[in-house]
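Asks: only geometry, no sequence info:
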């Protein structure tokens, strides 16, 4: 039954959610990931897509590793295949476990790191890519985190030379639009069993 539910979570159209990168989808299938996790990863991945598309339009001169952000969003919680209890409760054991799991499956560090960094966006050396995965993981469910958003704005203004207020307004407009669809994404995720 879980395999059928996993198949649906990975392929059903849902609220206009894009499919995961093939490599991420293959990993989730190989790990027989919980269907709810697959649905969650699709929702976060789709939001990351929206963020990148808009940043490309509004801040085309800002270089972000699109492949890394999308793969990171699609696999950031993969450690919850090991720590399934963290799908419905608090915990951070999935972060280190997910990073190790991705490395053990041949995923290079530049893509695997997001399993470890998606909740550590305040750490020194955090890149724009790390921040974008963290942002997608928050805003998909309508959670706005001002400090995280400010860090993204700081990266955008530094890279683009744009005025801080303009980068803030652009990002706020984007996130307001994403938040408006949060109920549909939450309903999509909730439609799938945890195990």
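Replies: Done, it's in. Treat the numbers as computed from the prediction; the structure is a model and nothing was measured.
Asks: residue ranges for the strands of the protein, please.
Replies: Read by DSSP state E, the chain holds no strands at all.
Asks: max-length helix in it?
Replies: What stands out as the longest helix in the chain, according to DSSP state H, is helix 35-58.
Asks: Could you list every helix and strand in contact with that helix?
Replies: Under the contact definition 3 or more Cβ pairs under 8 Å, 6 or more residues apart in numbering; DSSP states H and E, helix 35-58 sits against helix 2-11, helix 22-30, helix 66-75, helix 128-139, helix 164-179, helix 182-190. No exception for glycine: its C-beta is placed from N, CA and C like everyone else's.
Asks: If I average pLDDT within each of these, which one is lowest?
Replies: Ranked by mean pLDDT, the helices and strands packed on helix 35-58 bottom out at helix 2-11, with a mean of 86.
Asks: Pick out the residue nearest the middle of this protein.
Replies: Nearest to the geometric centre of the chain sits residue 73, at 2.8 Å (Cα atoms, centre = their mean).
Asks: shouldn't that one be in contact with residue 114?
Replies: Yes - with contact defined as Cβ atoms under 8 Å, residue 73 reaches residue 114; the gap is 7.4 Å.
Asks: So for those two, which residues contact both of them?
Replies: By Cβ atoms under 8 Å, 6 or more residues apart in numbering, residue 73 and residue 114 have these common neighbours: residue 133.
Asks: I am finished for the moment; much appreciated.
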